[in-house]
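Trainee: Quick one, structure for this:
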Amino acid sequence: MNSSSTRRTLSDVFESYLSACRSGGDAEASFRASLVAQRVVKPGSEGSIRYVKPTGLDGIPYVCIRIPTGGGKTILASYAIERARKAFLQTDFPSCSGSFHQARYASRHSSA
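Mentor: Predicted coordinates:
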């Protein structure tokens, strides 16, 4: 698998995971379900994949993707923002100051 298809697969699994979490699923169960849904593992073998639940982040989706040097971590991170915006946050402005940007956008694009 080349770097581009690996990034695409990782992005698809990440989005599937976030969608499952958004639907109210437990983070660990959502993680395992997304691996099966995206055909990363065969049904029934997802329990063999280790999931580490970080302390103090209950209710917050968490993943750690390990990619070797030169594997495209930066480009994957940029794709991850869009995937998280669409699948989990469901907002056009995924930032702490999203309401500021929404108001600014609305004021520029409102019909007078």
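
Trainee: Roughly how far does the closest residue to Lys53 other than its chain neighbours sit from Val40?
Mentor: Nearest non-adjacent residue to Lys53, counting by CB to CB, 6 or more residues apart in numbering: Glu28, 6.3 Å away. In this view, the C-beta of every residue, glycine as well, is placed from N, C-alpha and C. Separation of Glu28 from Val40 (CB to CB, to the nearest Å) stands at 15 Å.

Trainee: These two: which is more packed in?
Mentor: Neighbours per residue, other CB atoms under 10 Å: of Glu28 and Val40, the larger number sits with Val40, 16 against 12.

Trainee: Secondary structure element for that one, which one?
Mentor: Assigned by DSSP states H and E, Val40 falls within no helix or strand.

Trainee: Equivalent analysis for Cys21, please.
Mentor: According to DSSP H and E, Cys21 maps onto helix 3-22.

Trainee: what does that helix contact?
Mentor: 1, 27, 29-31, 33-35, 37-38, 40, 61, 63, 65, 67, 70-72, 75-76, 79-80, 83-84, 86-88, 90 (CB atoms under 8 Å, 6 or more residues apart in numbering).
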